[in-house]
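Asker: Need a 3D model of the following:
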Amino acid sequence: MTLQKSNIPPRRAQKKRRIWPWLLLFFCFAAAAIGGALFASSSLLDKPIEHAIDDGLLTAKDKSTIMIMGVDERDDDVGRSDTLMVASIDPKKNQASLLSVPRDTRVKIKGHGFDKVNAAYAYGKERLTQDTVENLLGVNIDHYVIINTKSFAKIIDALGGIDIDVPKRMYYEDPWDDDGGLIIDFRPGMQHMDGAKAITYVRYRDEEGDLGRIRRQQDFIKACLDKMVSPAIIPKLPTIIREVMDSIQTDLSFRQLLEFAGTLKESKQNGLKTDMVPGRPLYIDGISYWIPDLTQLRSTVADTLDVTMSAKVRHRLEQDAREYENSIPANASEVPASDTSIGRSTESTKKHKAADSTAKKRSEQREDNAEEKKRSKSSASDNRSGRDAADNDTGSSRESTPAASDRSVPSRSAAPAKTQ
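Answerer: Here you go, the predicted structure:
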């Protein structure tokens, strides 16, 4: 009797085939757990060793501070920081804030005295700029990102261009600028900008000066974040980040840059906060500067970072504020309204308009008083002429008809005169 062979595989072989899916599933869970643990502790919160030293500067424990510079470098020039911002990143809460520093801000640059903050890059590149901004804000800065003009265009093109609502007509032409001529030409309304057009938009300056340009740059960054959260861009972010890495200079790692971009993207949903260094414009030796309000500035920075000022930090703030105020020459003067190179903050604009309104009211009051005096003099002169003419008429009447004058009955207004 021949036994038929069974088609059922041996039990041991069946166990071998079944164990592989479980092993694969186990490794997937392990990899996910390791990856989750890795990214749960954000590398953006890794602080440089030098920040462990208590030097009287604020240090955020659960946030990362990143200095972002837009640098205009050319073959015949060392370059200056044309745009300067400090980003505060909270990767755990997916929140972020941007503080813009006007390039004409008067600061103390180590080894060079007081100068405009954009000159720090020409003196000592990113290291001196970072030190200068740290001393201005009173806070330790963890990382930096430098973007030059050409790299900026590449980044915008990598994103596929940016859509932004242009608030008004913008036109500017300079045949001697931008290596062969600069033309900025935009009309009001929604515009799609590639990298080349975007550069001209963020560089445009009008009667609002540098402060108006800062506000447009902040709006442009928000438009970039809108593009980053679009469904079409999200799958391309790693590729875009790699292209960005090749176009910028930074001390951020690839992973940190991914976290930075991701936090900025999420912060757009949570409300990206934007602000500017508070202060006022001032003329010093014929040069216009932006004079920061150090007390208000550092209080704002401390609130943004959720850091309480220690006694040492407050003492340093008081010293820095006194030194800064004492460094302003006595011959410094207010910037006239006709000078729009820097512009004015919203608060200073209100004060300036209020001062102009007060001065205008006073001028109008003086003109009204002068006009009133003229009318009074004219009225008094007319009254005197009228009385003289009346006296002349009365005298001649009395001479001609004395009997009638004697028989006339005095009016009621004349009776008190007689009583008096």
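Asker: how many neighbours does the nearest residue to I146 once chain neighbours are set aside have?
Answerer: Ranked by CB to CB, 6 or more residues apart in numbering and with sequence neighbours excluded, the top spatial neighbour of I146 is Q249, at 4.2 Å. In this view, the C-beta of every residue, glycine as well, is placed from N, C-alpha and C. As a burial measure, Q249 scores 15 neighbours (other CB atoms under 10 Å).
Asker: so how far is T83 from Q249?
Answerer: 15 Å (CB to CB, to the nearest Å).
Asker: again with D185
Answerer: Taking CB to CB, one finds D185 at 21 Å from T83.
Asker: for K268, same thing?
Answerer: As judged by CB to CB, K268 and T83 stand 20 Å apart.
Asker: do Y201 as well
Answerer: 13 Å.
Asker: T274 now?
Answerer: Noted for T274: a distance of 13 Å to T83, by CB to CB.
Asker: go on, K108?
Answerer: Following CB to CB, the distance that separates K108 from T83 is 21 Å.
Asker: what is the rounded mean pLDDT of stretch 170-189?
Answerer: Averaged across stretch 170-189, pLDDT comes to 79.
Asker: what about that stretch, start to end distance?
Answerer: End-to-end distance of stretch 170-189: 11 Å, with CA to CA, to the nearest Å as the criterion.
Asker: What residues of it count as buried?
Answerer: Neighbour-count burial for stretch 170-189 flags 170, 178, 182, 184, 186 (criterion: 16 or more other CB atoms under 10 Å).
Asker: Ok, stretch 141-154 next?
Answerer: 141-149, 151-154.
Asker: For that stretch, measure first residue to last.
Answerer: Start-to-end, stretch 141-154 (CA to CA) is 26 Å.
Asker: likewise stretch 84-98?
Answerer: End-to-end for stretch 84-98, by CA to CA: 10 Å.
Asker: got it, and stretch 243-255?
Answerer: Distance across stretch 243-255, first residue to last, is 14 Å (CA to CA).
Asker: Could I get the average pLDDT for it?
Answerer: Mean predicted confidence for stretch 243-255 is 85.
Asker: Likewise for stretch 136-143?
Answerer: The average pLDDT for stretch 136-143 rounds to 93.
Asker: contacting residues around that stretch?
Answerer: By CB atoms under 8 Å, 6 or more residues apart in numbering, the residues outside stretch 136-143 that reach it are 44, 47-48, 51, 56-60, 64-67, 86, 99, 101, 105, 107, 117, 130, 133-134, 250-252, 256, 277, 292, 294, 297-298, 301, 305, 313, 316-317, 320.
Asker: Sketch out the low-pLDDT regions of the stretch 251-400 of the chain for me.
Answerer: 341-400 (pLDDT under 70).
Asker: Can you list the residue ranges for helices in it?
Answerer: Assigned by DSSP state H, counting those that start in this stretch, the helices in the stretch 251-400 of the chain fall at 254-270, 294-305, 311-327, 346-400.
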